[in-house]
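# What would the 3D arrangement of this be:
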Amino acid sequence: MRFFLFLALSISLYAAQTTCAGIYYQNDAPDIVNTKLLAKTKELCFQEFAVMHSGISRTPLWSAEHLTREQLRNKTPRTNNFHPEERLPLDERAELIDYARSGYDRGHQAPSADMSTEIAQHESFSLANLIPQAPKKNRGIWSAIEGATRHLTNQKGELYVITGPLFIGDNLKRIGRVLVPTHDFKAIFDPSTNEGGVYITLNDDSDGDDYQVISIAQLEEMANINLFPFMSTQQKERTINLPIPRMYRHSSSSE
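This next block holds a predicted model:
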């Protein structure tokens with residue numbers, strides 16, 4: 001399977017035109033560099049995040065958030081109301097049955113714990129915002145990375161965050177009709193310094209706090225997506241000090 005071979009495909013720049021106001025810094029959405037990624041893509045606007053969805057993988061290519069300290073002060077109860085995204089065609093969207101008895105969690109990209117309203121909380125459980133995620137990662141280090149990102153937001157006041165999967169190699173797995181990512185990343189831009197950094201993990205069930213912090217430039221080379229088009233090459237090569245994710249026990253019911 002060669003859907004997401006990131007390193008050896010012809011390259012052409014595609015500038016994404018966003019209709020999701022208030023999510024991206026200066027409304028400057030990522031550019032999809034590799035035209036192979038464009039097939040069956042659809043932008044979906046939600047109340048507090050935006051998704052670029054792939055009808056090939058039936059996952060997001062990314063979910064984007066403008067996180068603020070004020071937003072995080074407003075906590076809403078977790079709903080666990082996982083649901084298919086009805087704005088997507090039947091042959092391009094994930095269904096609940098794809099995840100059933102798969103051995104994978106339904107892993108949020110824009111986390112439910114970031115959402116400040118009942119509507120946004122419900123929307124975060126759209127399958128368009130989820131990937132098949134290894135349970136130990138989802139409930140362990142990935143949950144800690146989400147918490148570290150909220151901690152940094154509370155310190156800084158606001159951050160722009162883009163979270164997404166990588167599908168690297170030609171031996172990709174499927175659950176039902178949904179492709180299973182090999183990696184998950186959370187890219188962070190700090191508008192107060194015009195710099196950023198990336199948490200990245202393997203999507204497997206290895207134990208421990210195995211994650212890396214890499215530069216935005218390194219991630220963009222892996223992903224063939226220009227995540228922050230407004231940043232200079234020099235800014236992308238510098239990596240800010242991201243908080244160390246603190247591990248803690250997480251309920252087995254959380255996905």
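# Centre of the chain to stretch 163-176, how far?
Offset of stretch 163-176 from its chain centre (C-alpha atoms, centre = their mean, to the nearest Å): 14 Å.
# got the buried residues for it?
163-167, 172, 175 (16 or more other C-beta atoms under 10 Å). Where you see a C-beta, it was placed from the backbone N, CA and C, and this is true even at glycine.
# now stretch 202-214
Neighbour-count burial for stretch 202-214 [16+ other C-beta under 10 Å]: 202-203, 211, 213-214.
# That stretch: how far from the chain's middle?
Counting by C-alpha atoms, centre = their mean, stretch 202-214 comes out at 16 Å from the chain centroid.
# Surely Ile23 is in contact with His66?
Yes. Counting by C-beta atoms under 8 Å, Ile23 does reach His66; the two are 5.4 Å apart.
# Of these two, give the one with the bigger neighbour count.
Ile23 (23 against 19; other C-beta atoms under 10 Å).
# Now do the spatially closest residue to the more buried one that is not a sequence neighbour, the pLDDT please.
Once flanking residues are discounted, Ile23 sits nearest to Ala50: 4.4 Å by C-beta to C-beta, 6 or more residues apart in numbering. For Ala50, the pLDDT comes out at 98.
# any idea how far Ala94 is from Ala50?
18 Å (C-beta to C-beta, to the nearest Å).
# Please apply the same query to Val180.
Counting by C-beta to C-beta, the gap from Val180 to Ala94 is 12 Å.
# Then Leu159?
Leu159 is 28 Å from Ala94, by C-beta to C-beta.
# Same drill for the two, tell me which one is more crowded.
Neighbours per residue (other C-beta under 10 Å) separate Leu159 from Ala94, with Ala94 holding more: 27 against 23.
# Now do the contacts for that one.
58-59, 84-85, 127-128, 130, 176-178 (C-beta atoms under 8 Å, 6 or more residues apart in numbering).
# Mark which of these are buried, thanks.
Looks like those have 58-59, 84-85, 127-128, 130, 178 buried, using 16+ other C-beta under 10 Å.
# Now render these as a markdown table, adding pLDDT, distance to Leu72 and secondary structure.
Below are the buried ones among the contacts of Ala94 laid out as a markdown table (pLDDT from 0 to 100; distance: C-beta to C-beta, whole Å; DSSP: H, G, I helix; E, B strand; the rest coil):
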| residue | pLDDT | distance to Leu72 | secondary structure |
| --- | --- | --- | --- |
| Arg58 | 98 | 30 | coil |
| Thr59 | 98 | 25 | strand |
| Pro84 | 98 | 28 | coil |
| Glu85 | 98 | 25 | coil |
| Leu127 | 98 | 24 | helix |
| Ala128 | 98 | 23 | helix |
| Leu130 | 98 | 21 | strand |
| Val178 | 98 | 30 | strand |
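# In TSV: those residues, plus distance to Asn154.
Shown next, in TSV, are the buried ones among the contacts of Ala94 (distance: C-beta to C-beta, whole Å):
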residue	distance to Asn154
Arg58	34
Thr59	29
Pro84	33
Glu85	30
Leu127	29
Ala128	28
Leu130	25
Val178	34
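# Is the nearest residue to Thr153 once chain neighbours are set aside in a helix, a strand, or coil?
By the measure of C-beta to C-beta, 6+ apart, the closest residue to Thr153 outside its immediate chain neighbours is Leu67, 4.5 Å from it. Put simply, Leu67 is strand when judged by DSSP: H, G, I helix; E, B strand; the rest coil.
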